[in-house]
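Student: Okay, here's the prediction I keep looking at, along with the sequence it came from:
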Amino acid sequence: MSKSWGPHDIGGQEGGPIDLSEHDTAHWEWQIDAMVRLSLSKGLISDFAELRDGIEHLTQEDYDSCTYYERWAKSLAYTLVSRGVVSEQQLADKIDAVRARQEAQGLA
């Protein structure tokens, strides 16, 4: 049986330079961190390993183009949908509502 390698399986491979510069954490990144921790404390997700599983389900394109917290956000959405906490349609509707609100406020 052969192993299927995901975009996260890069151990021992040449991956190019790593940006080690510090950056300020954006407000939305703090929000993702808080949503993950709240989801853990409420039992909506079991542990960080479950989030890692969601990250491992990202496509190569998503994995390469997303930042650390964007991966967390996609993983949290994947996990909550997989567990039946929220449906894909409910999630899409909420994203649309937030985008519309941002556009109305001139933020998007």
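Tutor: Perfect, thanks for sending it.
Student: Show me the shaky parts of this protein.
Tutor: When residues are selected by pLDDT under 70, those of the chain lie in 1-15.
Student: Please point out which parts of stretch 28-40 sit buried.
Tutor: 29, 32, 35-36, 39 (16 or more other C-beta atoms under 10 Å). Quick note: C-beta positions are derived from backbone N, CA and C, even for glycine.
Student: longest helix in the chain, by residue count?
Tutor: What stands out as the longest helix in the chain, according to DSSP state H, is helix 88-104.
Student: roughly how far is that helix from the heart of the chain?
Tutor: Chain-centre distance of helix 88-104: 17 Å, with C-alpha atoms, centre = their mean, to the nearest Å.
Student: For it, which helices and strands make contact with it?
Tutor: Judged by 3 or more C-beta pairs under 8 Å, 6 or more residues apart in numbering; DSSP states H and E, helix 88-104 is in contact with helix 68-82.
Student: helices and strands around the helix it packs on, which ones?
Tutor: Packing partners of helix 68-82 (3+ C-beta pairs under 8 Å, 6+ apart): helix 27-41, helix 48-56, helix 60-65, helix 88-104.
Student: Please find the angle between the direction vectors of the longest helix of the chain and helix 68-82.
Tutor: Relative orientation of helix 88-104 and helix 68-82, computed by axes from the mean of the first three to the mean of the last three C-alpha atoms, to 10 degrees: 140 degrees.
Student: can I get the CA coordinates of helix 88-104 in CSV?
Tutor: Extracted C-alpha coordinates of helix 88-104, given in CSV (Å, rounded to 0.1, in the frame of the first residue of the first chain):
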residue,chain,number,x,y,z
GLU,A,88,-21.6,24.3,4.3
GLN,A,89,-24.6,26.4,3.3
GLN,A,90,-24.8,28.1,6.7
LEU,A,91,-21.1,28.9,6.6
ALA,A,92,-21.4,30.3,3.0
ASP,A,93,-24.4,32.4,4.0
LYS,A,94,-22.5,33.8,7.0
ILE,A,95,-19.5,34.6,4.9
ASP,A,96,-21.7,36.4,2.4
ALA,A,97,-23.4,38.4,5.1
VAL,A,98,-20.0,39.5,6.6
ARG,A,99,-18.7,40.5,3.1
ALA,A,100,-21.9,42.5,2.4
ARG,A,101,-21.5,44.3,5.8
GLN,A,102,-17.9,45.1,5.1
GLU,A,103,-18.7,46.4,1.6
ALA,A,104,-21.5,48.5,3.0
